[in-house]
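Participant: Pasting the sequence and the predicted model now:
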Amino acid sequence: MSEWIVTYPDDLAQAIHLAPDELPAHLQLMAALKLFELGKLSSAKAAELAGLSRGEFFEACGRYRISIFNYPDEEVEGELLADLRAIGRGAGP
């Protein structure tokens, strides 16, 4: 894993109502959430960046109102058609 160093104002933790020792993990989570929301990271990679399991990451998405259904517009139709075909194959006679 690589490391990154972030410079921030001394009173940032206080400004966002966090304990100073909570700030690094919170900033990592915020970065992961935003990169996922923008479609720059998959949920698996975003969870890894945040230091969470995928399930925990999805819970964080819910807390911050970020949709976990993060498909580019051009992929939505293809995904829906694939789901409908899969459902059709599972249906009985």
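Facilitator: In hand now; what should we look at? Numbering: from 1, shown residues only.

Participant: and the nearest residue to residue 62 once chain neighbours are set aside, what is it in contact with?
Facilitator: Leaving out its chain neighbours, the residue that sits closest to residue 62 by C-beta to C-beta, 6 or more residues apart in numbering is residue 68, at 7.8 Å. Quick note: C-beta positions are derived from backbone N, CA and C, even for glycine. With contact taken as C-beta atoms under 8 Å, 6 or more residues apart in numbering, residue 68 is in contact with 43, 58, 61-62.

Participant: With residue 16 instead?
Facilitator: By C-beta under 8 Å, 6+ apart, residue 16 lies in contact with 23, 26.

Participant: Next one: it from residue 89, what distance?
Facilitator: Residue 16 sits 49 Å away from residue 89, going by C-beta to C-beta, to the nearest Å.

Participant: rewinding a little: so which of the contacts of residue 68 is surrounded by the most neighbours?
Facilitator: residue 61 (21 neighbours; other C-beta atoms under 10 Å).

Participant: how would you label that one: helix, strand or coil?
Facilitator: Look at residue 61: counting by DSSP: H, G, I helix; E, B strand; the rest coil, its state is helix.

Participant: start at 50 instead
Facilitator: Right, with 50 as the first residue, what we last looked at is residue 110.

Participant: Wait, it touches residue 85, no?
Facilitator: Yes: assessed by C-beta atoms under 8 Å, residue 110 is found in contact with residue 85 at 7.4 Å.

Participant: max-length helix in this structure?
Facilitator: Longest helix in the chain by number of residues (criterion: DSSP state H): helix 122-139.

Participant: so what secondary structure elements neighbour it?
Facilitator: Packing partners of helix 122-139 (3 or more C-beta pairs under 8 Å, 6 or more residues apart in numbering; DSSP states H and E): none among the helices and strands.
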